[in-house]
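Participant: Generate a structure from the sequence data that follows.
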Amino acid sequence: MEYREICIVMIAHNQLNEVQVAVKNLKMVGRNILCKLVVVDNGSEDELAEWLKNQKEFDYILCENEVENYADILNTVISEFCIDCDLMLLNPNMLFLPGCLETLQKVLYQEESIGVVCPVIGANSTEMDLAAVTKAAAECQNNNCEQIMSFNEKAALIKLDFLKSIGEFDDKLILPSNVAIDYSFRGRLKGFQFLEVEYAFLYQIASASVDDIYTLENDKDVDRKWLKEKWQMNYFGCSANEILLDLIVNREGQSMNILEIGCDCGENLLYLSNRFPDARLFGAEINPMAAKIAATVGNVVIADIDQKNLQFDHIQFDYIFFGDVLEHLRDPEGVLEYCRDLLKEDGRILACIPNLMHFSVMMELFRGNFTYKDYGLLDRTHIHLFTYKEILRMFQEAGYQIEQMECLDAKKELLPEWQEFIDKLMSLSQDVEEHEWYAYQYFVGARKL
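Facilitator: Numbering: from 1, shown residues only. Model (predicted):
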């Protein structure tokens with residue numbers, strides 16, 4: 001194919017060494033594709049600015065006084081340097097493997113609806129057969145890709161037509177990851193898709209994140225108020241609940257019907273579409289905007305499951321799953337009873353449910369605190385609170401037999417003082433197992449009786 005020119009933008013903060021290595025890497029692996037490079041010194045205090053002033057091989061921008069807004073920087077680069085070419089976002093700590101750029105652009109132009117493609121990040125080049133990687137990259141097709149909900153701001157190749165269609169990045173957002181989420185959601189609503197390309201590899205020479213520059217002076221929730229106001233949503237999930245979804249088993253020779261209650265923006269449905277391309281995916285979501293985004297992935301209706309009146313034309317499901325949803329319902333047990341009629345005879349309910357008995361909640365209770373937050377175990381939108389035994393009781397009374405029950409915990413990562421606290425709780429407990437104090441969530445697989 002005839003490759004288009006790519007404008008690569010690196011935004012660096014005190015990363016002189018990484019930029020120098022990345023530039024050398026680009027010279028080696030970018031020979032077969034036309035690229036221009038723009039390095040942005042974003043308020044560095046090392047010698048990066050002086051080094052940039054003394055080179056004449058590529059363009060640069062100096063933000064000499066302070067760290068400047070990420071979206072503003074991208075909008076400036078696009079308007080000044082990326083008028084007629086694709087844009088590659090590249091963190092300075094990322095290095096291309098052979099064939100990466102060519103493969104990314106090849107996939108980017110296989111379909112008009114593809115707006116952004118991302119490489120696989122984190123591969124260790126010393127453990128790879130580079131000749132095999134290069135050969136696989138040359139043969140890469142669209143079916144060597146997985147759909148993703150949002151592109152990765154660390155490394156992403158963005159099509160020029162996509163940039164023109166969506167417009168400027170939102171400069172009211174601070175964190176680069178949130179800039180990417182916002183831009184991706186806008187793109188999904190216009191019919192674009194985002195892919196991670198299996199045979200396009202980058203590897204990291206340092207672990208710094210793009211967000212790190214901005215979290216030095218801001219917390220991770222700095223954009224929540226504006227995102228909630230702009231999108232009228234409380235959650236902005238782009239990562240699937242893989243622990244829960246991996247409980248789904250493909251039934252050989254059958255086309256599965258899978259329903260997610262409270263599907264949010266569709267991140268779980270998207271994961272399932274990659275894993276089970278023949279499955280029929282359905283969702284129910286109470287938030288209209290989230291449902292609109294999720295509808296780009298599956299058959300999604302706007303509905304309040306507490307009303308128990310889903311309309312899916314008498315379809316029966318192999319799986320119905322609730323990812324952190326039951327605790328938000330007024331009548332979770334009644335909803336589970338209602339779902340019995342929506343399941344096939346051998347159908348199953350999957351759910352993950354937060355555990356109120358987690359030691360962190362107990363620790364705060366002993367200090368007199370029970371403070372609700374925007375998310376987490378004490379999410380302010382939780383209506384019902386569950387423990388291990390209450391989960392068992394609810395499923396049994398709703399007419400299910402639990403076949404699997406696993407917990408999400410970090411027991412191996414417990415600090416000594418946390419384990420000591422759990423030991424004290426155990427000494428005061430009756431008929432309680434230790435996991436009931438350290439399990440953060442429980443993952444349940446149940447079939448109807």
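Participant: can you give me the strands for the stretch 1-150 of the chain?
Facilitator: Assigned by DSSP state E, counting those that start in this stretch, the strands in the stretch 1-150 of the chain fall at 6-12, 35-42, 59-63, 86-90, 94-96, 114-121, 145-148.
Participant: among those strands, which is nearest residue 284?
Facilitator: strand 145-148 (21.1 Å; Cβ to Cβ). For the C-beta atoms, the positions are set from N, CA and C on the backbone; glycine is no exception.
Participant: contact partners of whichever helix or strand comes after that closest one?
Facilitator: The C-terminal neighbour of strand 145-148 among helices and strands, as given by DSSP states H and E, is strand 155-158. Applying Cβ atoms under 8 Å, 6 or more residues apart in numbering, the external contacts of strand 155-158 come out as 6, 86-91, 94, 101, 104-105, 108, 115-119, 121, 151, 180, 202.
Participant: How is this structure divided into domains?
Facilitator: As assigned by automatic domain parsing, the chain contains the domains 6-229, 242-448.
Participant: distance between the first one and the chain's centre?
Facilitator: When you say that, I think you mean domain 6-229. Relative to its chain's centre, domain 6-229 lies at 17 Å (Cα atoms, centre = their mean, to the nearest Å).
Participant: just the last one next, same as before
Facilitator: Relative to the chain's own centre, domain 242-448 is displaced by 18 Å; criterion: Cα atoms, centre = their mean.
Participant: what's the average pLDDT for that domain?
Facilitator: Throughout domain 242-448, pLDDT has a mean value of 93.
Participant: again with the first one
Facilitator: The pLDDT scores in domain 6-229 average 89.
Participant: one step back: any chance of TSV for the strands of the stretch 1-150 of the chain, columns distance to residue 412 and mean neighbour count?
Facilitator: Below are the strands of the stretch 1-150 of the chain laid out as TSV (distance: least, Cβ to Cβ, whole Å; neighbours: other Cβ atoms under 10 Å):
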stretch	distance to residue 412	mean neighbour count
strand 6-12	36	24
strand 35-42	37	22
strand 59-63	42	17
strand 86-90	35	24
strand 94-96	30	22
strand 114-121	26	24
strand 145-148	30	19
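Participant: Which one of the ones you listed lies nearest to residue 287?
Facilitator: strand 145-148 (21.2 Å).
Participant: Report all helices and strands that the closest one contacts.
Facilitator: In terms of contacts (3 or more Cβ pairs under 8 Å, 6 or more residues apart in numbering; DSSP states H and E), strand 145-148 is packed against strand 193-204, helix 267-275.
Participant: returning to what we had before: turn the domains of the chain into TSV, columns for distance to residue 235.
Facilitator: TSV is the format used below for the domains of the chain (distance: least, Cβ to Cβ, whole Å):
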stretch	distance to residue 235
domain 6-229	9
domain 242-448	6
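Participant: circling back to that earlier point, and the strands of the stretch 1-150 of the chain: which comes nearest residue 169?
Facilitator: Ranking the strands of the stretch 1-150 of the chain by proximity to residue 169 (Cβ to Cβ) places strand 86-90 first, at 10.6 Å.
Participant: And residue 94, how far from residue 116?
Facilitator: 16 Å (Cβ to Cβ, to the nearest Å).
Participant: before we move on, what about residue 349?
Facilitator: The spacing between residue 349 and residue 116, counted by Cβ to Cβ, is 35 Å.
Participant: Residue 7 too?
Facilitator: 14 Å.
Participant: And residue 298, by the same measure?
Facilitator: From residue 298 to residue 116 the distance is 21 Å (Cβ to Cβ).
Participant: and if you look at residue 377?
Facilitator: Using Cβ to Cβ, we find residue 377 at a distance of 34 Å from residue 116.
Participant: for residue 341, same thing?
Facilitator: Taken as Cβ to Cβ, the span from residue 341 to residue 116 is 41 Å.
Participant: try residue 39
Facilitator: Taken as Cβ to Cβ, the span from residue 39 to residue 116 is 21 Å.
Participant: Next: residue 151.
Facilitator: 4 Å.
Participant: for residue 108, same thing?
Facilitator: 8 Å.
Participant: any residues in contact with both of these two?
Facilitator: Joint contacts of residue 108 and residue 116 (Cβ under 8 Å, 6+ apart) are 157, 159.
Participant: Do a quick rundown of the strands in the stretch 251-400 of the chain.
Facilitator: Using DSSP E, counting those that start in this stretch, the strands of the stretch 251-400 of the chain run over 257-261, 280-285, 299-302, 317-323, 343-354, 400-408.
Participant: contacting residues for the closest residue to residue 121 other than its chain neighbours?
Facilitator: The spatially closest residue to residue 121, leaving aside those adjacent along the chain, is residue 202, at 5.1 Å (Cβ to Cβ, 6 or more residues apart in numbering). Residue 202 makes contacts with 94-97, 100, 119-123, 155, as judged by Cβ under 8 Å, 6+ apart.
Participant: rewinding a little: rebuild the strands of the stretch 251-400 of the chain as a markdown table, extending it with distance to residue 427.
Facilitator: Formatted as a markdown table, these follow (distance: least, Cβ to Cβ, whole Å):
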| stretch | distance to residue 427 |
| --- | --- |
| strand 257-261 | 39 |
| strand 280-285 | 44 |
| strand 299-302 | 49 |
| strand 317-323 | 34 |
| strand 343-354 | 25 |
| strand 400-408 | 21 |
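Participant: So which bits of stretch 290-307 are buried?
Facilitator: Residues of stretch 290-307 classed as buried: 290-300, 302-303, 305-306 (neighbour count, 16 or more other Cβ atoms under 10 Å).
Participant: Among the residues you listed, which ones are in helices?
Facilitator: Taking DSSP state H as the definition of helices, the buried residues of stretch 290-307 contribute 290-294.
Participant: Tell me the one among those residues nearest to residue 70.
Facilitator: Among these, and counting by Cβ to Cβ, the member closest to residue 70 is residue 293, at 22.4 Å.
Participant: follow-up on the earlier one: among the domains of the chain, which is nearest residue 236?
Facilitator: Across the domains of the chain, residue 236 has its closest neighbour in domain 6-229 (5.6 Å, Cβ to Cβ).
Participant: Quick one: end-to-end length of the closest one, please.
Facilitator: 35 Å (Cα to Cα, to the nearest Å).
Participant: Please enumerate the helices of the stretch 1-150 of the chain.
Facilitator: Applying DSSP state H, counting those that start in this stretch to the stretch 1-150 of the chain gives helices spanning 16-29, 48-53, 70-81, 100-108, 130-138.
Participant: thinking again about what came up before, give me whichever of the strands of the stretch 251-400 of the chain is most buried.
Facilitator: The highest average neighbour count among the strands of the stretch 251-400 of the chain, using mean count of other Cβ atoms under 10 Å, belongs to strand 257-261 at a mean of 25.
Participant: Name the residues that touch that one?
Facilitator: Applying Cβ under 8 Å, 6+ apart, the contact partners of strand 257-261 are 248, 268-269, 272, 276, 279-284, 305, 312, 315-323, 325, 335, 339, 342, 344.
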